[in-house]
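> let me see the structure of the following:
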Amino acid sequence: MIAPVSKPIPNDSAKEIERPAEIKMVQHEDVVPENRPDPSTSRGRIFLAASRLFSKYGYRGTSTRAIAEAAGAKQVMLHYYFGSKAGLYEEVLKYEGIAMLAVIFGTESNGRSPEDMLIDSPIRLMAVMHENPQWASLLRREIADGAVHLRSALRDVAEHGPLGANLHFHNAYREAVRTGKARDLPTEAVRECLLAIGYSAIYLAPLISMINERDFHDKVVWEEWKLTLSTILKKGLLLPD
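Numbers count the residues shown, from 1 in each chain. Reported below is the predicted structural model:
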């Protein structure tokens, strides 16, 4: 839940703003421990090396030879464990995607009201990508290429994947509308807009930082972004008490 606390943050105009409470992000290994890459194994080293290289160079710019060399493994082992470069790439996307969705919709949902979950979702998406720049880079490159591999990687995922996340969001939003907490708008459009807002903030951050000459990784700037987005969403989506 994004709730204001009393500690102010100074800004350029010397005005005081209230900082939203920090969202504690869940680490990947806490979300999907059964899929956690083991760096002590050849398979784990290949997986981790692939994650780094795909994030830096994209799918097309990364070769199986480069992955094997970075992992200190033979190229044939990559094909043994993952079948192909595409198979390995989709395993990386699936692992990262499930972890991201679980952080946004899963582990800390208990105890939060439906309306709080709605406002939190784009903030949490921003936070998980802000705190995991390798994943943000990987996702930027994949979406720029049409997200074909991402759709394939998450197609068979139910509970933690897009279908599970969509159902979780749908139920929360309809409950918030039913109890008079949220405005009654097209459900799918609300979900799409919230996710687009959270993702585009990270995707466009380098461009925004360059134009406005503000460091997106500066703590004060980051807190201002979260507070401002939370305030806008609450005013636009939720009904006054």
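> what sits against the residue most central in space within the chain?
What sits nearest the mean C-alpha location of the chain, by C-alpha atoms, centre = their mean, is Leu125, with 4.1 Å. Neighbouring residues of Leu125 by C-beta atoms under 8 Å, 6 or more residues apart in numbering: 100, 104, 195, 198-199, 202. C-betas here are computed from N, CA, C, even on glycine.
> as CSV, the residues you listed with distance to Thr41 would be great.
Converted to CSV, the contacts of Leu125 look like this (distance: C-beta to C-beta, whole Å):
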residue, distance to Thr41
Met100, 24
Ile104, 29
Leu195, 35
Gly198, 34
Tyr199, 33
Ile202, 32
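> out of the residues you listed, grab the one that's most surrounded.
Among the contacts of Leu125, Ile104 has the most neighbours (other C-beta atoms under 10 Å), with 26 neighbours.
> which of the three states applies to that residue?
What DSSP: H, G, I helix; E, B strand; the rest coil gives for Ile104 is helix.
> any idea how far it is from Trp225?
17 Å (C-beta to C-beta, to the nearest Å).
> same question for His217.
Applying C-beta to C-beta, the value for His217 to Trp225 is 11 Å.
> tell me which of those two has more neighbours.
Neighbours of His217 and Trp225, each counted by other C-beta under 10 Å, are more numerous for Trp225; the result is 18 against 10.
> can you tell me the closest non-neighbouring residue to the more buried one?
Leaving aside its chain neighbours, Trp225 sits nearest to Ala201 (6.8 Å; criterion: C-beta to C-beta, 6 or more residues apart in numbering).
> picking up where we left off before, can you tell me which of the contacts of Leu125 is closest to Pro39?
Nearest to Pro39 out of the contacts of Leu125 is Met100 (C-beta to C-beta; 21.0 Å).
> what about the one helix or strand that closest one maps to, average pLDDT?
Assigned by DSSP states H and E, Met100 falls within helix 85-105. For helix 85-105, mean pLDDT rounds to 84.
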